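J.: Below are the sequence and a predicted model for it; my questions follow.
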Amino acid sequence: MPRVGLTPDQVVDHALALIDEQGAEALTLASVAARAGVATPSLYKHVSGGLAELRRLIAVRVTEELADRLAEAAVGRSGDDAVTAVLRAYQAYATEHPHRYTALPQAPQPDDDLTRAATRLVGVIIAVLRSYGLDGPEAIHAARTVRSLAHGFASLSITGAFQLAEDLTTTHDRLITTLTTGLRTWPKAEEEEEE
């Protein structure tokens, strides 16, 4: 019988705390069990698929957390203001949780829960892009651009790839300005058809 009070969500909480403190490579069932105060075999009562299932649940949680952060940042905003808020929220999440951020899957997974979370994450970006008049294929192209810039900058900055003395916030601001300028002049679907 599962330990009273321990739920799959709490197992994920313990796993994420471990990742935050020690990095994703520290994630083992034994280390999570120790944090939860249970024997390793008893974790299977809460996470039946073992470490693979736990990693899946972590990926879903991290994707949902990031989607929540972006959605909250976008509320009441549109255009450049919304894109700026979303990109700053994205970077803040990665900076606050660098190890957790590495658990964010970048490729589609055959998993309904993860697909729902990822669809919501991308949906926030696409919704923000509507204020630029982008829809259909052009909205997808633009969303890919936003994700590429956000993920690229986040990944490089949290791994310490930027070693020069210039301020990273200023670089990020320049990146956002470059993106919003491009979005304001982004080709519309009908413009491409006319060419």
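T.: That came through, no problem.
J.: List the buried residues for the lengthiest helix in the chain?
T.: Ranked by residue count and defined by DSSP state H, the top helix of the chain is helix 50-74. For helix 50-74, burial by neighbour count (16 or more other CB atoms under 10 Å) applies to 53-71, 73-74. No exception for glycine: its C-beta is placed from N, CA and C like everyone else's.
J.: In contact with the residue nearest to the spatial centre of the chain, which residues?
T.: With distances taken as CA atoms, centre = their mean, the residue of the chain nearest its centroid is residue 66 (4.3 Å). Shown in contact with residue 66 (CB atoms under 8 Å, 6 or more residues apart in numbering): 90, 93, 104, 121.
J.: do that again at 7 Å, thanks
T.: Contacts here follow CB atoms under 7 Å, 6 or more residues apart in numbering; on that basis residue 66 touches 93, 104, 121.
J.: same thing with residue 16?
T.: Residue 16 makes contact with 58, 61, 100, according to CB under 7 Å, 6+ apart.
J.: So what's the gap between the one helix or strand it maps to and the chain middle?
T.: Using DSSP states H and E, residue 16 sits in helix 8-22. How far helix 8-22 lies from its chain's middle: 17 Å, per CA atoms, centre = their mean, to the nearest Å.
J.: What's the first helix or strand after it?
T.: Downstream of helix 8-22, the next assigned helix or strand under DSSP H and E is helix 29-36.
J.: okay, the angle between that following helix and helix 8-22?
T.: Put simply, helix 29-36 runs at 100 degrees to helix 8-22, going by axes from the mean of the first three to the mean of the last three CA atoms, to 10 degrees.
J.: could I get helix 29-36 in PDB with only the CA atoms?
T.: C-alpha atoms of helix 29-36 as PDB (Å, rounded to 0.1, in the frame of the first residue of the first chain):
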ATOM      1  CA  LEU A  29      14.900   6.200  -8.000                       C
ATOM      2  CA  ALA A  30      17.100   5.700  -5.000                       C
ATOM      3  CA  SER A  31      17.900   9.400  -4.500                       C
ATOM      4  CA  VAL A  32      14.200  10.300  -4.900                       C
ATOM      5  CA  ALA A  33      13.100   7.600  -2.500                       C
ATOM      6  CA  ALA A  34      15.600   8.900   0.100                       C
ATOM      7  CA  ARG A  35      14.300  12.400  -0.200                       C
ATOM      8  CA  ALA A  36      10.700  11.100   0.100                       C
END
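J.: and it, average pLDDT?
T.: In this model, helix 29-36 carries a mean pLDDT of 93.
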